[in-house]
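J.: Could you look at this predicted model? Sequence included:
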Amino acid sequence: MAACAPEWTDILRQMIFIRRFEEATEREFRRGKIGGYLHVYSGQEAVAVGVLSATKKGDIVFAGYRDHAHTLLLGSDPGRVMAELFGKATGISKGKGGSMHLFDVEHGFYGGYGIVGGHLTLAAGSAYALRYRETDRIAVCYFGDGAMNIGSFHEAMNMAGLWGKQGMCPVLFVIENNGYAMGTSVERHSALTDLAARIRAYNIQSEKVDAQDVFAVRGVADRVVKQIRETGQPYCIEAITYRFSGHGAADILQPYRSKDEVEQHKHRDPILILRNRLQEMCGLKDETVQGFEDEAAERVAAAVKFAEESPLPEGSELFTDIVAEHGPRPVAEDQVR
Amino acid sequence: MSEMSYRDAIRAAMMEEMDRNPSVLIMGEDIGIYEGTFRITAGMLKKYGPKRVIDTPIAEAGMVGTAVGMAMLGLRPIVEMMTVNFAIVAADQILNHAAKIRYFSGGQVDIPIVIRGPHGAGVQLSAQHSQSFESFYAHFPGLKVVAPGSPADAKGLLKTAIRGKDPVMFLESAALYGMKGEVPDDPDFTVPFGESRLAREGRDATVVSWGRMLQLSLIVAEKLAKDEGIELEVVDLRCLRPLDMEPVYASVSKTHRAIVVQEQWKPFGPGAEISASINEKMFDELDAPVARVTGEDVPMPYARNLELLATPHEEHVIAAVKRVMYR
């Protein structure tokens, strides 16, 4: 039996890390260290990892408010991400955004957004800019099934479809279809429940994928990322997934779904599926997995420690970053960043 | 200097900036092949091509949202609203995205986007097409709000808007598009934001205004000077955010009386903010309460006679001047 490809063991390592990071954020929320809203990604890891591992440096990513995993996978420092959740000065958005507005331009993360569907238009426009500058970079835009009923969704899709005809909109839309718009199921919020089919109404190609299986996600992503890069046309993946935690940290009762339903889905835990697959395929060893667990625990503990020990933002920070503080930006600085 | 209409000054500002910087592009409804409802963009598609002059679907949120995405990546989109009334369809993109991303990202991106178009009352356009939005947009930190009252300021302020780093609501007075005035030819002529301008010197009372109401105020000032020997000092705010009140305070300390003239409705309008600021800063200097001349507090009617009753005219300004002067 051939040894496991490092790329795949690394994907497992990352998924384990994301899961443990999210579990830590839930603990810290209950400890009162994290305020506001907190939306964790547990159960959906294969969606973020499967697609982002197929992109390259220079590609840019937008997400909704369930955004911790995306920026971490792009290479953001976990300590600074945790510090943002703690509202600290060292946070990735200086403590001004919080869980819903992580932002790390240096690593290609153009933000988590709190208005459902609002960021889809931004992603389409940024994709236009990437082609306007004649680069081969692409934009990736994650959003939930719940984002598909608001005006911005339709306007973004239509404009992306139009611009795609000129090869001017290299964007990959990824529907993170976890079955619920907060507590309203797809059957109850979408007149047509075939979400991928809805996308095709805008002249955008789409397909569904079982997104508890990271192999399947990655397989689709490899193919479509290449296609988008070559054609400058948008594409949409409907990633069918499930969220194990509540919608947000305050969603404790979860009256919209049964405990039994959640337990059923936990049998299809994406981490478990990948682990089993690697065991079958290439004899993944338990100690390798344990090594990943230990490493994740260590990194998460270090992130929490960093966040806890970091200072609060200075009061003067209240008044910075509202508008540009200096005069016009020189033309020479107008570059695609 | 050249004599130029307000409309041509706006077009010249955009074309000079598009010539100067390939990052500048314009998008909007029927701005390309149709050349714009008010013909502001006439000739631009032909000159710059469809990548830089983008005809969009009727989708204001889509227009502004995509422009924000472009701006985050380093382009400088200008979004033409067929009328600024339609921008409220894009309110989420303007207020929740354009105005806030710099802040919640901790300053990681610039959002150089200009949203411009005709604003305020036209002629018999009725309730949905005649509104003024200064106070609506100026309420929000993160936005800049500009309302030029002359061709030169239209050009200079628009160039500043396009060269900047922040989202700008550029409110053009539809009623001034045909107005002519002297405009500097220098391609680097700009007018900075946040600098109110003394438009007319006087001694008896201070009139604060902007946009089309500035022109009304200046007409009234000439008339009162001629007919009654009253010399009004007129301050043109030009920018509602950032708002420069210093020239207003300086003027009030001389005249001790102030009148704000706005087309917008009275409740919670700019006049309330300006009046409150004068009260806070200049209370001991005032010889009369600050007066407000405003549009009537009604949706704009269609019938011409009713429309004329709904908007401020010379007699309203004259009555307010006399009120603060106790004459």
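T.: All right, it came through fine.
J.: Could you find the closest non-adjacent residue to whatever residue of chain A ends up closest to chain B?
T.: Closest residue of chain A to chain B, C-beta to the nearest C-beta: residue A:121 (2.4 Å). Backbone N, C-alpha and C define where each C-beta goes, glycine included. With sequence-adjacent residues excluded and distances taken as C-beta to C-beta, 6 or more residues apart in numbering or on different chains, residue A:121 is closest to residue B:65, at 2.4 Å.
J.: Would you list the phi and psi of that neighbour?
T.: Main-chain torsions, residue B:65, degrees, to the nearest 10: phi -60, psi -40.
J.: Also residue A:239?
T.: Backbone torsions for residue A:239, taken as degrees, to the nearest 10, come to phi -90, psi 110.
J.: so it touches residue A:176, yeah?
T.: Yes - with contact defined as C-beta atoms under 8 Å, residue A:239 counts as touching residue A:176 (5.7 Å).
J.: Now do the shared contacts for the two.
T.: Common neighbours of residue A:239 and residue A:176, using C-beta atoms under 8 Å, 6 or more residues apart in numbering or on different chains, are A:47, A:211.
J.: How about the contacts made by residue B:175?
T.: B:120-122, B:212.
J.: likewise residue A:185?
T.: With the criterion set at C-beta under 8 Å, 6+ apart, residue A:185 makes contact with A:179, A:256-257.
J.: tally of neighbours for residue A:252?
T.: By other C-beta atoms under 10 Å in any protein chain shown, 7 other residues sit near residue A:252.
J.: Quick check: closest non-adjacent residue to it.
T.: residue A:246 (6.3 Å).
J.: Give me the phi and psi for that neighbour.
T.: For residue A:246, the backbone dihedrals (degrees, to the nearest 10) come out as phi -70, psi 170.
J.: now the helices: where do they sit in the stretch 51-200 of chain A?
T.: Assigned by DSSP state H, counting those that start in this stretch, the stretch 51-200 of chain A shows helices spanning A:68-73, A:78-85, A:119-132, A:151-165, A:186-189, A:195-200.
J.: One more: the stretch 151-300 of chain B?
T.: For the stretch 151-300 of chain B, helices defined by DSSP H, counting those that start in this stretch occupy the ranges B:151-163, B:211-228, B:246-255, B:270-282.
J.: could you list every residue that touches the residue in the stretch 1-150 of chain B positioned nearest to chain A?
T.: With C-beta to the nearest C-beta as the measure, residue B:65 is the residue of the stretch 1-150 of chain B nearest to chain A, at 2.4 Å. The contact partners of residue B:65, by C-beta under 8 Å, 6+ apart, come to A:118-122, A:124-125, A:152, A:155-156, B:90, B:93, B:97.
J.: Out of those, the closest to residue B:146 would be?
T.: residue B:90 (17.6 Å; C-beta to C-beta).
J.: Is the closest one in a helix, a strand, or coil?
T.: At residue B:90 the chain is in helix, as set by DSSP: H, G, I helix; E, B strand; the rest coil.
J.: thinking it is in contact with residue B:61, fair?
T.: Yes - at 4.5 Å, residue B:90 counts as touching residue B:61 under the criterion of C-beta under 8 Å.
J.: Sketch out the low-pLDDT regions of the stretch 101-250 of chain B for me.
T.: For the stretch 101-250 of chain B, no stretch has pLDDT under 70.
J.: got the residues of the stretch 151-300 of chain B near chain A?
T.: With C-beta under 8 Å from any C-beta of the partner chain as the criterion, the stretch 151-300 of chain B meets chain A at residues B:160, B:163-166.
J.: want to try CSV for these, with distance to residue A:305 and neighbour count as columns?
T.: Listed next are those as CSV, based on distance: C-beta to C-beta, whole Å; neighbours: other C-beta atoms under 10 Å in any protein chain shown:
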residue, distance to residue A:305, neighbour count
B:160, 47, 22
B:163, 45, 21
B:164, 41, 23
B:165, 37, 19
B:166, 37, 21
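J.: Contact partners for the closest residue to residue A:66 other than its chain neighbours?
T.: Leaving aside its sequence neighbours, residue A:66 sits nearest to residue A:39 (C-beta to C-beta, 6+ apart; 4.2 Å). Shown in contact with residue A:39 (C-beta under 8 Å, 6+ apart): A:65-66, A:99-100, A:247-249.
J.: doesn't residue A:39 fall inside a strand?
T.: No - under three-state DSSP, residue A:39 falls outside any strand and is assigned coil.
J.: Just the pLDDT at residue A:250, thanks.
T.: Note on residue A:250: pLDDT of 88.
J.: And the residue lying closest to it once chain neighbours are set aside, how far from residue A:249?
T.: Leaving aside its chain neighbours, residue A:250 sits nearest to residue A:37 (7.5 Å; criterion: C-beta to C-beta, 6+ apart). In this structure, residue A:37 and residue A:249 are 7 Å apart, going by C-beta to C-beta, to the nearest Å.
J.: what's the closest residue to residue A:224 other than its chain neighbours in contact with, if anything?
T.: Using C-beta to C-beta, 6+ apart and skipping residues adjacent in sequence, the residue nearest residue A:224 is residue A:235, 4.7 Å away. Residues in contact with residue A:235 (C-beta under 8 Å, 6+ apart) are A:171-173, A:204-206, A:224, A:227-228.
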